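S.K.: okay, predicted coordinates and the sequence, questions at the end:
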Amino acid sequence: MAEAAKTAVYLCAGCGIGEAVSIEALEAVATGESKASSCRRHDHLCDDAGVATIQADIDSGAAERIVIAACSERVNADRFRFDGTPPIRCDLRERVAWSQPPGAEDTQMLAADYVRMALAEAEKSAPPSGQADPGTSKTILVVGGGVSGLTAALESARAGYQVMLVERASDLGGHGAKWSKRMPHRPPYRLPQDNDIGALIAAVTAEPRITVHTRSRVVSTAGGPGRFLVTLDSGGTTIEETLGAIVVATGWRPYDATKLGHLGYGASPDVVTGVELETMLGAGELACKSDGRRPAAVAFIQCAGSRDPDHLPYCSSICCGVSIKQALMIRERVPDSSVYIIHDELRTPGTAEAFYRAAQAAGVIFMKGKVSAVGADLTVTVEDVLLGETVAMAGLDLVVLATGMMPNATAPEAEAIAPQPAPDIDPLAPILAAGATVPEPGSEDASEDDSGPEIGSILNLQYRQGPHLPILADGFADSHFLCFPYETRRSGIYTCGPVRRPMDMAESATDATGAALKAIQAIEAAAAGTALHPRGGDLSFPRINLDPCTKCRRCTVECPFGAIDESDDDYPVVEVARCRRCGTCMGACPVRTISFENYSVEMVSAMIKAVEVPDEFAEKPRVLVLACRNDAIPALDMAGISGTRYSPFARVVPVRCLGSVSALWISDALSTGYDGVILMGCKAGDDYQCHFVKGSAITQERMGKIAETLKSMMLEEERVVTHEVAIADARRAPELIDSFLDTIAEIGPNPFKGF
Amino acid sequence: MAGAETATYDLGFAKWVAGNISGADKLSMCMQCGMCSGSCPIGTQMDHGPRKLIMMIRAGMRDAVLSANTLWNCTQCYNCTVRCPRGIPVTEILQGLATVAVAEGHAGGEPTARFSEAFWWSLAKFGRTDERLVTSRFYFSAGLAEGVRKSRENLAIALRMIKARRMHLGAPHKIKRRKNLQAILAKAREIEARGAGEGD
Amino acid sequence: MAAQGARSETILVVGGGIAGITTAVEAAEAGAEVVLVERGPSLGGRVAQLSRYFPKLCHPTCGLEINYQRIRGNRRLRVITMATVAAVTGDRGAYTARIETRPRHVTARCTGCGDCARASQTRVPNPYNYDLDTVPAAHLAHPMAYPMRYVIADSVIGTPEADRIEAACRYGAVDLGEEPGAFDMVVGAVVWATGWRPYDAAKLQPYGYERHANVITNVEMERLAATTGPTLGQILRPSDAKPAKRVAMIQCAGSRDHNHLPYCSRICCLASLKHAAYLREAYADAEVDIYYIDIRAHDKLESFHARIKADPRVRFIKSKPASISENEAGDPVLHGEDTLTRDLYETAYDMVVLAIGMAPTAGDAMPEAALETDEYGFIVAAETLGGGMFSAGVAAGPLDVSLSVQSATAAALKAIQAVRGG
C-alpha cells in the first residue's frame, strides 16, 4: 500500500443507533485506535444535509475514503453514492441497534467491532480502478439460422449492432422453413396462421448490418465478451473474426422415430411423424404414402417419445399445438374425414386454449388414453380411460406420431458417436418431504471436469473447462431458467429458442429478442470493463500475483464460469470479461494468489483480526459469521427490521459468494481466538439458489479440508459449520447463530484465546 | 349396459346426433371434465353420467347411449348446463336423445318413459293432468298384475289425497276449448315431421 | 401536452412487478434511460407475494433482491411509486405520458426506522397478505419493500391517528397534507407491464368461497406458506387454525371456462404442484389430492410434475369438482365425478385450495392510449404494435415468471430500438 488514504468516518445516530450505543465511544474507537483521519456524527445522515457534509469533505480532499457507519448496505445506496469514492458501509442499525438491547455493554462492543472492521476494510482495499484494455468489438455472433437465430440477428441489427449469422445448412430458415402453416400467436388465436418465415429471411438478407455465412460452422472460440476470437469454417474457407458477444440458437432436431417401433413406426409407410406430415401437407394434395389415397381417417398419437422415461423425460411442449394445427388442416382439406387426437394431458396453455376449442368445433375428436399398439394395418389399440375400455380403432388411413424435440446443444452428428457431455442438474431428484432423510449436500465432486466429449461442440470453446456450453441433465443447454433465464455459465454467451427449452416459433422469436438484448448488454459491459450479471457495473476484477502460486489449478477448475485458463506453464490466466466477480477463485486458492482491489483475502483477514477478542475469563465468546451478500445478509437485515434479538457475540462479514471464502480466514479467526465460525450460503445441489451457480456447493465440498485443518490445530470439528440460508430465513438465521453459541458454550472457549 | 356394445369410434352416430338433436352441435366442445356428472343431483341413479354418455356418443355406441337410463332419470334441473365450462346444453341434448330413444323403441321398459307417456296422454286428451288417471295408466302400463299390485300398494296414499282434496274421483277436469289444443298439437306434429332430419 | 417536436430517448415502464422490473433494469443495463412507474408503495408486484417459485422451490425475494441491487446500482433508472399512467398521447420517440400520483404521506426523508408504525394504533387491511390479516395504519408494504419507505393508509388521514403518526416521526418525513398529483412526462417508448390480478373466487358460486371458511385461493395459500404471511409460514386452515393436512387443490378454478376465463392461465397447475410440495414439506402425514382436467406442466416443468407424481401421498384425480359443501366439523366436502373410475365422490378435507386463474389488470382500467387488446384484455404482443408501445409479462398474456422475464427482456430491446429510431 502506498501512503495511507485519508479515511473519514460518518457515524449516524438516527434510527435508534444513538439510543443503542454511545456514539462518543465509537468516535473514540474510530479516531483513536483505528486511526481514521476524521469522524463526524450526524443524527440523520441520509438526509440532504448529511449527504452534503460527506460530499463537502470529499470535495475538499478531507475524505479520500469514507466509512458510513449507519444502516445496512441494502438501503440508501442511492443516497450514499459519491462519484469516485465508493463508501464502505458499516451496519450499526439492522445488525446492532435493531437486534440488540440498547445500552448494553455487549451492544457497544459489537458496534465498536463493526467500526474497527470497516476501518480495516478501508485500509486494505481501494476503489476499483477498472480494466486497462477492455475488448471493444460490438459485433454479435449468432449461431443458427432458424427462427430464433434469424430473429436474434434482425433484432440486434435493428438496435444498431453488427451481426455475423452462421448457419450450417445451405439455406436459412431451419425447421421453421418446412412448416406449411404455423400455430396462431395473434388474436383470435383460433386458426393456423400463414408461415411468414420467408419475410423474416428476406429481412435478414436485406439488412446491411447482418453478414450471413451459410454452410458454416464455428471451429473455435477463444477470448471473452468484447473480444471473442472466433474461427469459422465457411464451406472450406477459414474466417477469423473478433466478436463482442454470442447468441446460440442452434434449435432442435426431432426425436428419432425409429426408436418408436412400439407405436408402429416402420411397420407401415402410413405411420408418419408430425414432421413428416408437414412435408405431406406442404406437398399440395394430401395423400397416403402407401397408395396415394386421400386419408379419410387419421389418428394422432401425442407424447410419442416425450414424457416417457424410456425416451425423453420432458414435455416437448409444442406437439399438442402442432397436432391440433395439422388436424385442422386435414379437416379443412378432407371435409368428411374423421380425425382423432389421442393424448394424455392435452397441453394448450394460455390463449392456445382457443386453438383447442377451434379444433373441437371443427369436429376433431380428442381421446384421453394410452396407445398400447399400432398394427401394420394401422389398427390403433388404445386404453380409453374416459370410457374405461380398451378400444381397437380400425379403418385408419394415417397414424401420426407427435414426436418430441431434442435440443441441438451439441451438433446433431455427434450424438451417434459420442455420449452427451456430463449431465449437470438432475431434474428428477426427489422433492423434500417432512421426516424424510435429506441427502448430504455437496456430495457431488466439485472438481469434476464437465467438459464432455471433445467433438460435437457448437462453439468449440478454447476454455480450460472444455469446448461445450454446460449442458443440463435433460440435454438442454445451460440456463438459469427462473429469474434470469438468459444467464449461462459462459459469460457473454446466451442461448435462445429450443436449444434451451422446448418452445414454438412465437416463443422462440420473443426469446431470441431477449437474448439479443443480453448480448448487447454484454458488449456494452465489456467495453466499459464492468462485470456482467449479477454484479453489473462492478469495476473490480481478480488480479493475480503469481509469486505464491503453486500451480494447483483449484482456481481454474472451480471457477463456475470457466473464466480462468491455464498458461502454457500452468499458471492461471483470467479472461476478465468472462469473470463474474464472485471470488470463487479467491476462495479456491490455498495461498494468496488472487485478489480484487476491494475484496481480498488480506482485507477480510484484517477485518477478522480487527475484532477485539476478550479473554476466556470474560465469558464473552466470539463467533465469525461469513454470510452471503445475496441471501443471508438480507435475511439478517429482515431479522433486524422485525426486531429479532440474537447473540451479540457474532461478528458478521458479508461475502460476495460463499465460494469466495478462503480457508485462511477460518484459520485466522480461530488463531485470533474466535470460538467458532459459521458459513452462511445459498442452497446448493440440484435446485441450487446460488447466484454464482456453484459457489455454495464448492464451499460445502471444501469443508472436508477445513475439518482436517481443525484437526491439525487440535480443535473440535464443531467449531466450523456451514448452513444453507435462504433469503426468507429471517427467523431461522438468528436462531442458527444462537444455537451455534449454545454449541460453543458446551465445547468451551477456544484454547487459542490470548495467544 | 355398455358391455353389450364395444366402442369403435365410428363417427357416424356422433355426426348424426350433432345434426339431428337440438343443441348437440356443441357436443364436440366437451373436454370431459366431469362437471356435468358431478353436478347431477341424481347421478347415482344413472347408468352413465352425461360426461361418459358424451364419450360414448363419440365412440359410436349408439345402442348403449339410447338405452341408457340417463336419458330418463334426468330431472332437468339444469345444473349441468349452467355449470358446463364449455357451454354445452346438456339437459337439452339428453331430452333430445330421449325422444329418439322412444321413437326407436329403446325406451320400452323405462318407468320414466312410461310415466311420460301417461302424463302426455292425459295432457293431450284433457288439457290437464288428472292424478288418478295418469297414475293408474302408469301402473297398468307395466302389465295387469303389476297394475293391480301397485294400485293396492298405494291405496292408502290415494285415500289420504282424496281426503286432502288433492285428488278427486269424478270425471276428469278438462280445459275449455279442447278442440283448439288439439289443433295446436296437430300443427306441432306436422312441423316436427317436416323438420325431421334437417337438424339445425 | 408536449412541446412541438419534443423527442425523448427515455423508456417509460408501467408496472413494477417482475416483468416491469426486468424490462426496466435490462434496458438500463443496456444503456437506456428508464423511468419505472408503480401503482403501489413498493416494487415487487405479485411475485413478492409468493412464498416460493416452482419448480426450484426457491424464494422470489432472492431474485428480487438481485434486481433491487441492480436498480440501486444504476443511475439511468428512476423509480416512481404510488403512481399510475393515466394517458399516453403522441408517437414513437415523442410520447407524452400523463402520470397521476397518489399520496404516500411519507416523504423521501423517511429512514425506514419504523417509529410511525410503533406509534400507530389503528390497524388496516393488509393487501400484501390478501387481507388475511391487518397492519398498522403506518406500515411498510412488506419486509422486502423497495423503496424501503413507509406508507400511511388514506383512511386515517384527518383523524387523531394521523397526528400520532406524524408526531412519532423524528425525521419530519410525514406529510399529512400530501394531495394526489399529476404531471406530464415526454418519453420515447412505453412498455406496459401492468400484470394481473387473481380471478374473483366469489364468482365460482358452487365452490362457496364466500360461504366456507376453509375454501381458500392459491394466492392465499402462498401467504399461508410464507414466513412473512399471517401464519408465519405454518399452513393452518382459517376456521380453527388447525394444521391443514388433508388438502384438495381444484384446478381450472375460473380458467378454461366460458362462464369465467376462457383461456388457460398456464401457471395454476404448476402452482398447485408446488403447494403439494409445501404441504409434504410441512407435514409428514400430509395428503394432497389434485383435481384436474389436464395437468399442464409444459416443457421442462414436466419433471416437476413427475417428481410430485412420484410421491404416494399426492393423488391426482381427473375431475372438475362440481361443488363444495361443508360438514359439521367445518370440513369442506368436494362433490363430483372421478372421470377415470367414473365414480361419484363426496370427500371431506381439512382445506380446499382453488387454483384461481390470472385476469389481466389492463382489462380493468385501460389507460387512454392507443393499445390493442385481445378479447380477454391482454395487450397484444410487442412486435405487432407499430409504434413505440409494447407489452411485457402477464399484461401480454398468461405467462409464468420465466416466460414473463423473457417477454420483458424482449420488450426492453424493442423499446430501445424505438427510442433510438432503429
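M.R.: Sure, I can see it.
S.K.: contact residues of chain B facing chain A?
M.R.: Applying Cβ under 8 Å from any Cβ of the partner chain, we find that chain B lies next to chain A at B:2, B:6-11, B:14-15, B:28-32, B:51-52, B:55-56, B:58-59, B:86. Placement of C-beta: from N, CA and C, glycine included.
S.K.: the helices in chain B, which residues?
M.R.: Along chain B, counting by DSSP state H, helices occupy B:12-20, B:35-39, B:50-58, B:62-66, B:70-73, B:79-83, B:90-103, B:111-126, B:131-140, B:144-153, B:155-163, B:178-195.
S.K.: hmm, I typed the wrong one, I wanted the stretch 251-400 of chain C.
M.R.: If DSSP state H, counting those that start in this stretch is used as the criterion, the helices of the stretch 251-400 of chain C fall at C:268-282, C:302-309.
S.K.: contact residues of the stretch 151-300 of chain A facing chain C?
M.R.: Within the stretch 151-300 of chain A, the positions adjacent to chain C are A:155, A:158-160, A:185-189 by Cβ under 8 Å from any Cβ.
S.K.: just the buried ones from those?
M.R.: For these, a burial check counting by 16 or more other Cβ atoms under 10 Å in any protein chain shown picks out A:155, A:158-159, A:185, A:187, A:189.
S.K.: dump the residues you listed to JSON lines, plus secondary structure.
M.R.: As requested, these are exported to JSON lines (DSSP: H, G, I helix; E, B strand; the rest coil):
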{"residue": "A:155", "secondary structure": "helix"}
{"residue": "A:158", "secondary structure": "helix"}
{"residue": "A:159", "secondary structure": "coil"}
{"residue": "A:185", "secondary structure": "coil"}
{"residue": "A:187", "secondary structure": "coil"}
{"residue": "A:189", "secondary structure": "coil"}
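S.K.: just name the closest of those residues to residue A:259, please.
M.R.: Proximity to residue A:259 was ranked across these by Cβ to Cβ; first place goes to residue A:185, at 31.1 Å.
S.K.: and residue A:576, what does it touch?
M.R.: A:131, A:134, A:224, A:529, A:541-542, A:563 (Cβ atoms under 8 Å, 6 or more residues apart in numbering or on different chains).
S.K.: mind redoing it with 10 Å?
M.R.: Contacts for residue A:576 were tallied using Cβ atoms under 10 Å, 6 or more residues apart in numbering or on different chains; they are A:131-135, A:224-226, A:491, A:526, A:529, A:531, A:541-543, A:563.
S.K.: poorly predicted segments of the chain, please.
M.R.: Going with chain A. Residues of chain A that meet the criterion pLDDT under 70 lie in A:1-3, A:415-433, A:435-454, A:481, A:755.
S.K.: you looked at the wrong chain, it should be chain C
M.R.: Ranges of chain C meeting pLDDT under 70: C:1-5, C:362-366, C:381-386, C:422.
S.K.: tell me which parts of it are close to chain B?
M.R.: C:204-206, C:251-252, C:254-262, C:291-294, C:317-323, C:334-340, C:342-346 (Cβ under 10 Å from any Cβ of the partner chain).
S.K.: among the residues you listed, which are located in strands?
M.R.: Per DSSP state E, strands hold the following members of the residues of chain C next to chain B: C:251-252, C:291-292, C:317-318, C:323, C:334-338, C:343-346.
S.K.: which one of these has the most neighbours?
M.R.: Of all those, residue C:251 has the most neighbours under the rule other Cβ atoms under 10 Å in any protein chain shown, reaching 31 neighbours.
S.K.: excluding its backbone neighbours, what's nearest it?
M.R.: Distances taken as Cβ to Cβ, 6 or more residues apart in numbering or on different chains place residue C:292 nearest to residue C:251, at 4.1 Å, with adjacent residues excluded.
S.K.: what bridges to the one you found?
M.R.: Under DSSP bridges, the beta-bridge partners of residue C:292 are residue C:318.
S.K.: check contacts around it.
M.R.: Residues counted as contacts of residue C:292 (Cβ under 10 Å, 6+ apart) are A:345, B:33, C:249-252, C:268-269, C:272, C:316-320, C:355.
S.K.: closest to residue B:106 out of those residues?
M.R.: residue B:33 (27.6 Å).
S.K.: which residue, other than its chain neighbours, is closest to the closest one?
M.R.: Nearest residue to residue B:33, sequence neighbours excluded (Cβ to Cβ, 6+ apart): residue C:320, at 3.7 Å.
S.K.: same deal with residue A:694?
M.R.: Spatially, and ignoring its direct neighbours in sequence, residue A:694 is nearest to residue A:560 (4.2 Å; Cβ to Cβ, 6+ apart).
S.K.: now render the helices of chain B as TSV, adding distance to residue C:68, mean pLDDT and mean neighbour count.
M.R.: Output for these, formatted as TSV (distance: least, Cβ to Cβ, whole Å; pLDDT from 0 to 100; neighbours: other Cβ atoms under 10 Å in any protein chain shown):
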stretch	distance to residue C:68	mean pLDDT	mean neighbour count
helix B:12-20	57	96	18
helix B:35-39	44	97	29
helix B:50-58	50	97	26
helix B:62-66	61	96	21
helix B:70-73	59	93	23
helix B:79-83	45	97	21
helix B:90-103	52	95	20
helix B:111-126	67	90	16
helix B:131-140	76	91	18
helix B:144-153	80	92	12
helix B:155-163	77	91	12
helix B:178-195	69	89	11
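S.K.: wait, which of those is closest to chain C?
M.R.: helix B:35-39 (3.1 Å; Cβ to the nearest Cβ).
S.K.: export only the CA atoms of the closest one, formatted as CSV.
M.R.: Output in CSV follows, covering the C-alpha atoms of helix B:35-39 (Å, rounded to 0.1, in the frame of the first residue of the first chain):
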residue,chain,number,x,y,z
MET,B,35,-68.6,-31.1,-14.1
CYS,B,36,-72.0,-32.3,-15.5
SER,B,37,-71.9,-35.8,-14.0
GLY,B,38,-70.7,-34.4,-10.7
SER,B,39,-73.3,-31.7,-10.6
